[in-house]
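1. When you get a sec, could you give me coordinates for this:
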Amino acid sequence: MDKNKGYVTFILHAHLPFIHHPESDDYLEEQWLFEAISETYIPLLLNFKKLEEENVKFRLTMTMTPPLLYMLDNKLLQQKYINYLKKHIELSEKELKRTTYDERLHNLAQYYYDRYSNDLHVFRDVYDCKLIDAFKHFQDAGFLEIITCGATHGYFPILYVTPQTVRAQIAVGVQTYKRFFGRQPRGIWLPECGYVPEADQYLKEFGIEYAIVESHGILYADPAPLYGTFAPITSPGGLTCFGRDMESSKQVWSSICGYPGDFNYREYYRDIGYDLDYDYVKPYIASNGARVHTGIKYYRITSKSGDKDYYNVQWAMDTAEKQAGHFLDSRTAQIDMLSKFMDVPPVVVCPYDAELYGHWWYEGPYWLYILFKKIYYDDCNFTLITPGDYIDRHPHIQVSTPCRSSWGANGYSEVWLNPTNDYAHRHLHKAGNRMVELANMFPDENDGVRKKALDQCARELLLAQSSDWLFIITNGTMVDYAKKRIKQHIGRFTKLYYQIKNDKIDEKFVDDIYSQDLVFKDIDYKIYK
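-> Here you go, the predicted model:
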């Protein structure tokens with residue numbers, strides 16, 4: 001079959017908020033990173049490696065956001081992850097003894113013991129704790145196109161009230177990417193896919209060629225795009241925008257008909273951290289005694305009722321293989337239909353949170369592995385491509401202004417601006433204006449204590465602007481922690497602001513909070529001028 005009728009581009013957005021607590025050996029929120037490493041990042045890398053070893057050519061786009069890069073590079077967090085794995089191996093060993101009465105359960109306990117033991121081996125011995133280098137290898141080898149994001153996932157459609165804050169988010173995002181990958185990023189995942197035309201000039205200034213935009217951002221563009229989301233558009237400001245395909249997204253994301261809801265897949269919410277006797281699991285849950293996920297889950301989804309059967313690894317793999325075939329057939333039929341009505345090859349854009357693959361949908365990385373093999377070997381009418389590849393092959397793109405949009409609930413900004421979190425924005429905007437004021441008040445500081453304090457102001461502002469805190473408050477999960485982080489960073493910023501203005505800088509305070517943040521080491525406050 002002719003593989004030149006169209007393209008499919010997979011984009012995985014790997015992002016976590018920056019969480020670093022050197023003051024504690026057991027900070028619950030740091031576990032978000034450890035779970036993502038074990039359930040998403042290592043499985044993706046291992047499947048990429050299998051494809052490479054099997055000489056299967058594939059192309060995939062990934063965002064690796066600045067907060068995630070700095071956490072993966074952090075020596076303390078690397079050691080904490082190793083400790084996390086050792087605790088899970090110890091718990092798995094206990095489970096091997098506890099489950100001898102039931103062969104199916106015992107086999108699953110063995111599976112988790114092997115899985116966590118292998119994670120430790122891969123992370124410490126194979127990759128020497130350097131997961132960024134592992135992903136960089138696949139970019140350098142031509143399999144991945146890694147793109148950037150805003151410095152702390154700050155939400156542009158609200159931040160642009162103070163334009164310099166959007167410019168700084170982009171500048172530090174690009175700077176961080178260059179620091180870790182040694183090259184210029186071509187694309188950006190707009191934080192929360194939040195598009196505003198005002199950001200285009202800054203994206204162009206820092207060399208960004210393209211962005212990922214929500215479906216209606218393209219569909220409601222002006223003038224209307226000739227081919228909907230099945231071809232990119234270029235804004236008058238020079239930014240090429242790729243829109244999410246709704247059909248392929250629904251097949252993966254939908255809670256009703258999406259693949260992850262299959263009854264043979266692992267049930268996320270049944271975990272021994274909640275199921276087993278409290279005293280038994282207490283050493284392996286939160287230090288404050290709260291029950292949390294351990295990652296050891298023995299049940300499959302089974303049904304929509306509360307009754308659950310034991311997870312069967314082979315059944316889950318068989319199901320993933322069938323669904324990979326279904327996805328391939330669906331895209332083949334979709335592209336066959338689209339190509340009849342288009343003068344350029346259609347491109348089906350499939351963007352997802354990377355953590356869907358493995359963390360939420362446990363079998364997701366294996367599904368991707370099988371899908372990429374099928375695309376390579378089976379008859380289909382499309383090839384895998386990255387947005388950068390598409391621009392290189394088809395540089396003549398319709399000029400149109402995308403609509404202001406996001407991929408949050410109802411498509412605009414209500415997730416990040418609503419009665420639960422609106423109190424935060426006046427503080428974020430005030431701090432943004434003050435940062436611009438400081439940058440213009442001291443335009444040429446190049447060393448010394450004041451320069452150090454000004455740079456730290458910039459860090460605190462960026463960390464306060466993370467869209468994750470607003471999202472968490474809206475969703476009602478870990479609300480106290482999110483509010484604490486906003487208050488903490490705005491408080492530090494404000495204290496430094498007055499110290500700088502009054503020329504009474506407490507250098508020890510600056511050094512202390514820098515060691516707690518330990519992020520954006522190359523930042524220069526002058527980006528706010």
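2. so where is the stretch 301-450 of the chain shaky, pLDDT-wise?
-> Judged against pLDDT under 70, the stretch 301-450 of the chain has no low-scoring part.
3. those strands in it, which residues are they?
-> 347-353, 382-384 (DSSP state E, counting those that start in this stretch).
4. would TSV of those strands with distance to residue 104 and mean neighbour count be doable?
-> C-beta: built from backbone N, CA, C; applies to glycine. Putting the strands of the stretch 301-450 of the chain into TSV (distance: least, Cβ to Cβ, whole Å; neighbours: other Cβ atoms under 10 Å) gives the following:
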stretch	distance to residue 104	mean neighbour count
strand 347-353	32	22
strand 382-384	38	21
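5. Turn those strands into a markdown table, including distance to residue 210.
-> Listed next are those as a markdown table, based on distance: least, Cβ to Cβ, whole Å:
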| stretch | distance to residue 210 |
| --- | --- |
| strand 347-353 | 11 |
| strand 382-384 | 17 |
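6. Residue 109 versus the residue of the chain most remote from its centre, what's the distance?
-> In terms of distance from the mean C-alpha position of the chain, residue 101 ranks first, at 40.7 Å (Cα atoms, centre = their mean). Distance, residue 101 to residue 109, by Cβ to Cβ, to the nearest Å: 11 Å.
7. How about residue 263?
-> Using Cβ to Cβ, residue 263 is found at 22 Å from residue 109.
8. Which of those two has more residues huddled nearby?
-> Shown here are residue 263 and residue 109; by other Cβ atoms under 10 Å, residue 109 has more neighbours (24 against 14).
9. what's that one in contact with, if anything?
-> For residue 109, the contact set (Cβ atoms under 8 Å, 6 or more residues apart in numbering) comprises 92, 95-96, 98-99, 296.
10. which among the residues you listed end up buried?
-> By neighbour count, with 16 or more other Cβ atoms under 10 Å, those hold 92, 95, 98-99, 296 as buried.
11. with these in mind, which one is nearest to residue 346?
-> Distance to residue 346 across the buried ones among the contacts of residue 109 (Cβ to Cβ) is lowest for residue 296, with 43.3 Å.
12. That closest one contacts residue 112, doesn't it?
-> Yes. Residue 296 is within contact range of residue 112, at 5.0 Å (criterion: Cβ atoms under 8 Å).
13. Quickly list what's touching both of those two.
-> 88, 92, 95.
14. List the residues that contact the second one.
-> It stands for residue 92. Applying Cβ under 8 Å, 6+ apart, the residues contacting residue 92 are 109, 112-113, 116-117, 296.
15. my guess is it is in a helix, correct?
-> Yes. With DSSP: H, G, I helix; E, B strand; the rest coil as the criterion, residue 92 is part of a helix.
16. Leaving out the residues flanking it, which one is nearest to it?
-> residue 113 (3.8 Å; Cβ to Cβ, 6 or more residues apart in numbering).
17. host element of that neighbour?
-> Here residue 113, judged by DSSP states H and E, is contained in helix 103-120.
18. The next helix-or-strand element following that helix packs against which elements?
-> Toward the C-terminus, helix 103-120 is succeeded by helix 131-140 as the next helix or strand (DSSP H and E). Applying 3 or more Cβ pairs under 8 Å, 6 or more residues apart in numbering; DSSP states H and E, one finds that helix 131-140 makes contact with helix 42-53, strand 60-64, helix 66-72, strand 144-149, helix 163-181.
19. distance between helix 131-140 and the chain's centre?
-> Centre-to-centre, helix 131-140 and its host chain are 16 Å apart (Cα atoms, centre = their mean, to the nearest Å).
20. ok, now stretch 252-269?
-> 20 Å.
21. show me the contacts for the residue nearest to residue 92.
-> Residue 113 sits in contact with 89, 92-93, 95-96, where contact means Cβ under 8 Å, 6+ apart.
22. rerun at 10 Å
-> Contact analysis of residue 113 by Cβ atoms under 10 Å, 6 or more residues apart in numbering lists 88-96, 296.
23. Just flag the most distant two among those.
-> 88 and 96 (12.8 Å).
24. Give me the distance between the residue nearest to residue 240 when sequence neighbours are not counted and residue 121.
-> Once flanking residues are discounted, residue 240 sits nearest to residue 210: 4.1 Å by Cβ to Cβ, 6+ apart. In this view, residue 210 and residue 121 are 38 Å apart by Cβ to Cβ.
25. neighbour-wise, which of these two wins?
-> Per other Cβ under 10 Å, whichever of residue 210 and residue 121 has more neighbours is residue 210, with 23 against 12.
26. Quickly note the distance from the more buried one to residue 232.
-> The gap separating residue 210 from residue 232 is 7 Å, by Cβ to Cβ.
27. Between those two, which contacts overlap?
-> Common neighbours of residue 210 and residue 232 are listed as 239-242, 387, 390-391, 397 (criterion: Cβ under 10 Å, 6+ apart).
28. Out of the residues you listed, the closest to residue 194 would be?
-> Closest to residue 194, out of all of those and judged by Cβ to Cβ, is residue 241, at 12.4 Å.
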